[in-house]
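Participant: need coordinates for the following:
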Amino acid sequence: MEETDLSTQGFIGWGQSRSYGNLLAGEGSGNNGNLWLVVQLSALVFNVGEDENLIVATRGANTSLWFQPNGSGGWLPMFGDRSSLVHDSLTGRYTLTTPEGYRYVYFDNGGSVPVPLQGCLESYSDPYGLTINPDYNGDCQMVQLTQTDGFQSNIFVYTYLGADAGINAGQMGSVTLVINDVPVRQALYSYFIEGEAGGAPRDLKKVVIQNYNATTSVWTIMRQSAYRYYTSSGGGGFAHGLKYELRPESYNQMVRAGLDPLTASDTIWAVYADKYFEYDSSRRVVLEKVHGGQETYMLAFVLNPESPGFNDNNTWYTKTTETRPNGTFFIVYTNKAGRTILSKLTDTEGNLWYTYMSYNAQGRLELRAKPSAVQSVTEPDGSSNTLTVVLKSDEGLVNVKTYYASTNPATGAVATYLESLGVRQGAEGDLLVAARQTYSTQTLAGVSIHPVASSEVFPVAGESGNVTIYDTSYFSTEGEPSPSLLHLALNPGNVGDPSGFIVVEQNETTWNEANEQILTTQWQRFDDAVGTGPLNGPDGAEPKARRSYKAAWYDGIGRQVASADYGTNGGLELVRPPLSPPRSDIVLVSTTHFKGDGDADATIDPNGIETRWQNDAAGRRIRLIENFRIGVAAGSPDANRTTEYAYAPDGGLSQTSPAAISSAARPTPAPAASAAAETPPLCSASCTATTGWDRSSRWSIPTAPCMPMTLTAWAAPRRTASSPWAPA
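Facilitator: Okay, the predicted model is just below:
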């Protein structure tokens, strides 16, 4: 279970995401509550596993990366992962590189590194070379993470509870996002104390997300969440086991009902909680109730007595049976790595659907048989622990993946990487290749990644395919030309060389060093053009083409603030200016305005028409102003066309209404209760629409007296409410 409290995409994306894991070793004591991990605060954990010889890069309860010794002093990824882990004993650092090119540098566990810092993240870099270096206190707790280009900045500030918090000292107290030196949003955390009902010390109790108003210097609450836990083993739980989750909408419902979520009894929580869990003695979830107990899922587990290992990729380790609210059963056999070997769905009438999967020696999926291809299944019983699946010989759909056996840079082959995707009928049918891939190699500091170099798709089996070539340029120093990706549809045998082909369309995309798309150029061949090969501009050599440009500009934290459609630029080659051009009849410029908290609140299109909007503290649209104009009187049929939105207690949209307002610099939203009153009635009848939810999460608005229509949509199953409805 994972929750994101804060996030930003400026510079290198960063945030504050919490992940709960009931199967974490021990209490999993982190600094955001027992058994909670902060995804962004990755760290290395040494000497784990049955033989205490593995390294784990923690990132989340279900997304951590495992590495095992390779026998020669290095490390190999486990469970089919392609990340690499390299140790530099001279610098005392481990470097983890993902297949996409992200690099994490950690302090090692050598004697030269202070014990609190051992395993901590020293730096993080994206594939474009942007790097961040967190600041830590003496306890290896991140206190600040700064990203800046010298003009604009993103800063995450972390605080921790002090000695006055007693046993909770050292737990994370807050995380604040600061943009350009102005606080924007923060997450506040509180924890249970000794003797408090609902949890034990260091268990995360409540999360409050607040938004900062820079004008009034006041923090306002956006949303609140709360949790309750088991405090001891037995009775369906274990110490620190999550019992109830109360998400923001449900928390708000309790408050509106006059209840205090922090003091209400478990009986009341059971009615409102989004999730309720019970566990077995191995801390596995055996019962889950959702939507205030309206739906119940039950799970049962059986382990293979033969205890297969991590490398027994096609031998079942756990059988899990899920009983669903609708009476169906879903059984899954997984290997020790948690990958599905066989799934079995049984409906209420006894019909069965099997899906079978097998893996290669590296643990990568190589075959997936759909239900139509499964002949028979023999499941383990009291006399045998063997799971046997027999496929039809030449019937039913089977998806097949093949992998390169060796590396050959000349052909784009990389050992263990995906070579082809194919299909066949049954276990023995002819394999029809549907797609094939090759790879390039980029090496930095002795570590190589292998981006896709070409992708070939075969629309018709046995015939030539369509190839897309990915030609990537890499930055090595500041100020180099922007990289570009070239996509060409080619025939096999002439990969990378379009000189012999009649090119009809050609596209080129230019990126800056921050991975921002800044220019797109498109060529469209003239009807009377002659010759083969890449297209040229209207005044260039043959083959000539119509050439058009679109450009974009960003601020220092990665937000697009302007775009310009230059059309053909009068036939001239465009050199993108460092600043966006003025709006004109020949350069169509669109701009976006951002307010102090970092969110967009206005756009101006090429015609100069401005659209403004306002969101509430939860980020929901509460007012939309189309064709905003200053100085135009209220009621103008064209200018300042305004729509207001209201929301039900559970967060679902409950009402929209047109409203006439007088223009102002940036008008503040009217209270939701007054929105309907501002809308003139269209008939004398009382127009009321009732909104109700069923158990299938559907809601509908029945026909109102003067609104002969029925609207249907979907939301979460909660309460029933009625409100005035003024049809437009």
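
Participant: how is this structure carved up into domains?
Facilitator: Here the domain parsing of the chain from automatic domain parsing is 41-146, 149-284, 294-391, 399-491, 610-724.

Participant: so how far is the strand of greatest length in the chain from its chain's centroid?
Facilitator: Longest strand of the chain, by residue count under DSSP state E: strand 218-229. Here strand 218-229 is found 22 Å from its chain centre; the criterion is Cα atoms, centre = their mean, to the nearest Å.

Participant: helix or strand for the closest residue to D149 other than its chain neighbours, just tell me which one.
Facilitator: Leaving aside its chain neighbours, D149 sits nearest to G556 (4.7 Å; criterion: Cβ to Cβ, 6 or more residues apart in numbering). Every C-beta, even on glycine, is put in place using the N, C-alpha and C of the backbone. Under DSSP states H and E, no helix or strand contains G556.

Participant: C-alpha coordinates for the longest strand of the chain, CSV please?
Facilitator: The C-alpha atoms that make up strand 218-229 are tabulated as CSV, following Å, rounded to 0.1, in the frame of the first residue of the first chain:
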residue,chain,number,x,y,z
VAL,A,218,-1.5,31.0,6.6
TRP,A,219,-1.4,27.2,6.2
THR,A,220,-4.7,25.6,5.4
ILE,A,221,-5.6,21.9,5.6
MET,A,222,-6.0,20.2,2.2
ARG,A,223,-6.6,16.6,3.4
GLN,A,224,-6.2,14.4,6.4
SER,A,225,-5.6,10.6,6.8
ALA,A,226,-5.6,8.4,9.8
TYR,A,227,-4.5,4.9,10.7
ARG,A,228,-5.1,2.3,13.4
TYR,A,229,-3.0,-0.8,14.2
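
Participant: mind saving the C-alpha coords of the helix or strand following it as PDB?
Facilitator: Counting by DSSP H and E, the next helix or strand C-terminal to strand 218-229 is strand 242-246. Extracted in PDB, the C-alpha atoms of strand 242-246 (Å, rounded to 0.1, in the frame of the first residue of the first chain):
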ATOM      1  CA  LEU A 242      -2.200  -2.100  10.000                       C
ATOM      2  CA  LYS A 243      -5.800  -2.500  11.100                       C
ATOM      3  CA  TYR A 244      -7.700   0.400   9.600                       C
ATOM      4  CA  GLU A 245      -7.000   3.000   6.900                       C
ATOM      5  CA  LEU A 246      -9.000   6.100   6.800                       C
END
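
Participant: partners of strand 242-246, with directions?
Facilitator: In the sheet, strand 242-246 lines up against strand 218-229 (antiparallel), strand 275-279 (antiparallel) (DSSP bridges).

Participant: the domains of the chain into TSV, with extra columns for mean pLDDT?
Facilitator: Output for the domains of the chain, formatted as TSV (pLDDT from 0 to 100):
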stretch	mean pLDDT
domain 41-146	91
domain 149-284	94
domain 294-391	94
domain 399-491	82
domain 610-724	54
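
Participant: which of these sits closest to T8?
Facilitator: For T8, the closest of the domains of the chain is domain 149-284, at 5.6 Å, according to Cβ to Cβ.

Participant: from the middle of its chain, how far away would that closest one be?
Facilitator: With Cα atoms, centre = their mean as the basis, the mean position of domain 149-284 lies at 22 Å from the chain mean.

Participant: try stretch 115-123
Facilitator: With Cα atoms, centre = their mean, you get 26 Å for stretch 115-123.

Participant: first-to-last residue distance for it?
Facilitator: 18 Å (Cα to Cα, to the nearest Å).
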